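*Asks:* Sequence plus predicted model, see below.
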Amino acid sequence: MAYNAFENFKAVVDKAAKAVNMSEQEYLLVKYPERELTVSIPVKMDDGTVKVFEGYRVQHNSSRGPCKGGIRYHQDSDINEVRALAAWMSFKCAVVNIPYGGAKGGIKVNPKELSLGELERLTRGYTAKIFPIVGPEKDIPAPDVNTNAQIMDWFMDTYSALKGYTVKGVVTGKDLDVGGSLGRPEATGRGVTIIALELLKKLKVSPKDTTVAIQGFGNVGSNAAKFLYANGCKIVAVSDVSGGIRCEKGLDIDKVLAYVGNKKNLLKDYDEDGVEHITNSELLLTKCDMLIPAALENQITKENANDLKCKYIVEAANGPTTVEADDIIAKKGIILVPDILANAGGVTVSYFEWVQNLQSYSWELEEVNKNLERIMVNAWNDLDAVAAKWNINYRLAAYVVAIQRITKAQNLRGLFL
């Protein structure tokens, strides 16, 4: 049976609710997305032909505020993936206690096969198709896999043209000159680092005595590597779409970052004394203290979980670990900090960007980073307290926090019949 990310989400919800004696009636609504939109996007290609791409926008739950969530461009994107990502966004926003619900968008496309002009026309077409259900008070998209600030700029411009005036707050993750926030590009990686360091502090382990392997060296993984390296951690392995590199003595992350800073360079071509080339699968099985999956979902499964050689996992990607793998990880005594806390730095600073847009006022970088750390540390403390109270692992504790906050908002608002 093919992996279904949304079924994986619902299975963890049931498990978490059962751990704290909640009946299904108490949390039933979080298992159903509020709204799903599938759209067909015709795009005139550079050669004059027309291609039609399939796109999605799923709004999972708006009990706590407007929906929030990224847009990914990926050839394997489908409605079940987007449903799961939207649900995880609802839970992520609840865990860090920001006033949003969750949403997610996707287009089934390999953006590397499109020219810049085709990519712009695809983005503008998608924006027009989902225009009726998005907006600063309804649903605020952001970048995700294979999307970036430029795509958000096009989205904002298209939405604004359709409205007849500039609406900066319709998306976050924009370039600074059109309403973006300082600190947003590195926010997810910074948040992962904050949580990783809080975990080490709780375990009374020094960062200097910690070896780290990071799967995925895009925006999130590379920034997490940079910040953890700056805090004294030894990064022994990293990987990107082309494969990975590993060095038992530790990689010079500054050199690796400089190398991949040239967008044409991939890690498969990185050459340095003492560095061996490995696959992404081999990276997950690297002997290290902390493993950080920062690529795509469904990476740690029942097939490889038994072979993990790490002490802790900090999930920087969305949904990298399956339910079956969770059980194996728990039996192995590996401490896992779940995605819905660990990678919530991105949506937190997106929230700051949205607030700045609504107020037409910009924050200094120091204020952004200070507020990010405050929110992430508070969320970690809440999760740690729930885990201790119910004697459950951090994944279940995070889901419990989210379920309780979302259902409380739903109960206070009541059902509109």
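*Replies:* Okay, I see it.
*Asks:* which residue packs closest to T193, ignoring adjacent ones?
*Replies:* Take T193 and drop its neighbours on the chain: the residue closest to it by Cβ to Cβ, 6 or more residues apart in numbering is F227, 3.9 Å away. Bear in mind the C-beta positions are built from the backbone N, C-alpha and C, glycine included.
*Asks:* My error: substitute E36 in the last question.
*Replies:* V58 (4.9 Å).
*Asks:* quick one: secondary structure of the one you found?
*Replies:* Following DSSP: H, G, I helix; E, B strand; the rest coil, we place V58 in the strand state.
*Asks:* which residues sit in contact with it?
*Replies:* Counting by Cβ atoms under 8 Å, 6 or more residues apart in numbering, V58 makes contact with P33, R35, E36, L37, I79, V82, R83, L85, A86, A103, K104, G105.
*Asks:* And the helices in the stretch 1-150 of the chain?
*Replies:* 5-19, 24-27, 79-95, 116-130, 149-163 (DSSP state H, counting those that start in this stretch).
*Asks:* Report all helices and strands that the helix or strand just after the last one contacts.
*Replies:* Past helix 149-163, further along toward the C-terminus, the next helix or strand under DSSP states H and E is helix 187-203. Packed against helix 187-203, as judged by 3 or more Cβ pairs under 8 Å, 6 or more residues apart in numbering; DSSP states H and E, are the following elements: helix 219-230, strand 290-293, strand 312-314, strand 335-337, helix 339-342, helix 345-359, helix 365-390.
*Asks:* 7 Å - rerun?
*Replies:* helix 219-230, strand 312-314, helix 339-342, helix 345-359, helix 365-390 (3 or more Cβ pairs under 7 Å, 6 or more residues apart in numbering; DSSP states H and E).
*Asks:* What distance do you get for P136 to Y159?
*Replies:* Going from P136 to Y159 by Cβ to Cβ, to the nearest Å gives 10 Å.
*Asks:* Give me the more crowded residue out of the two.
*Replies:* Y159 (23 against 16; other Cβ atoms under 10 Å).
*Asks:* With adjacent residues omitted, what lies nearest to that one?
*Replies:* Per Cβ to Cβ, 6+ apart, closest to Y159 is V170, 4.7 Å.
*Asks:* repeat for Y56
*Replies:* Closest to Y56 by Cβ to Cβ, 6+ apart is V82, at 4.5 Å.
*Asks:* Count residues in the vicinity of D289, would you?
*Replies:* 20.
*Asks:* isn't it right next to P207, touching?
*Replies:* No: taking contacts as Cβ atoms under 7 Å, D289 lies outside contact range of P207: 9.9 Å.
*Asks:* any common contacting residues for P136 and Y159?
*Replies:* Common neighbours of P136 and Y159 are listed as V167, V170 (criterion: Cβ atoms under 7 Å, 6 or more residues apart in numbering).
*Asks:* which ones are touching Y259?
*Replies:* Contact analysis of Y259 by Cβ under 7 Å, 6+ apart lists N265, Y270.
*Asks:* For it, pull up the helix or strand it's in.
*Replies:* Following DSSP H and E, one finds Y259 within helix 253-261.
*Asks:* and the residue nearest to T193, how far is that from C233?
*Replies:* Counting by Cβ to Cβ, the gap from F227 to C233 is 9 Å.
*Asks:* which one of the contacts of V58 has the most neighbours?
*Replies:* Busiest of the contacts of V58 [other Cβ under 10 Å] is A103, holding 33 neighbours.
*Asks:* quick one: it and I140, what's the gap?
*Replies:* Counting by Cβ to Cβ, the gap from A103 to I140 is 8 Å.
*Asks:* any shared contact partners between these two?
*Replies:* Common neighbours of A103 and I140 (Cβ under 7 Å, 6+ apart) are K68.
*Asks:* circling back to that earlier point, next SSE downstream of the helix holding Y259?
*Replies:* strand 276-278.
*Asks:* Kindly export the helix or strand following that next one (C-alpha atoms) in PDB.
*Replies:* Sequence-wise, the next helix or strand downstream of strand 276-278 (DSSP H and E) is helix 280-284. Extracted C-alpha coordinates of helix 280-284, given in PDB (Å, rounded to 0.1, in the frame of the first residue of the first chain):
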ATOM      1  CA  ASN A 280      20.800  10.200   1.100                       C
ATOM      2  CA  SER A 281      19.800   6.800   2.500                       C
ATOM      3  CA  GLU A 282      23.300   6.300   3.900                       C
ATOM      4  CA  LEU A 283      23.200   9.700   5.500                       C
ATOM      5  CA  LEU A 284      20.200   8.700   7.600                       C
END
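*Asks:* ok, and what's touching helix 280-284?
*Replies:* A213, Q215, A237, S239, G243, G244, L291, A295, Q299, I300, N304, L308.
*Asks:* re the thing from before, buried ones in the helix holding Y259, by neighbour count?
*Replies:* I253, V256, L257, Y259, V260 (16 or more other Cβ atoms under 10 Å).
*Asks:* roughly how far apart are the fourth one and D339?
*Replies:* With the distance defined as Cβ to Cβ, Y259 ends up 28 Å from D339.
*Asks:* do the same with the second one
*Replies:* V256 sits 24 Å away from D339, taking Cβ to Cβ as the criterion.
*Asks:* The first one too?
*Replies:* I253 sits 23 Å away from D339, going by Cβ to Cβ.
*Asks:* Lovely, talk soon.
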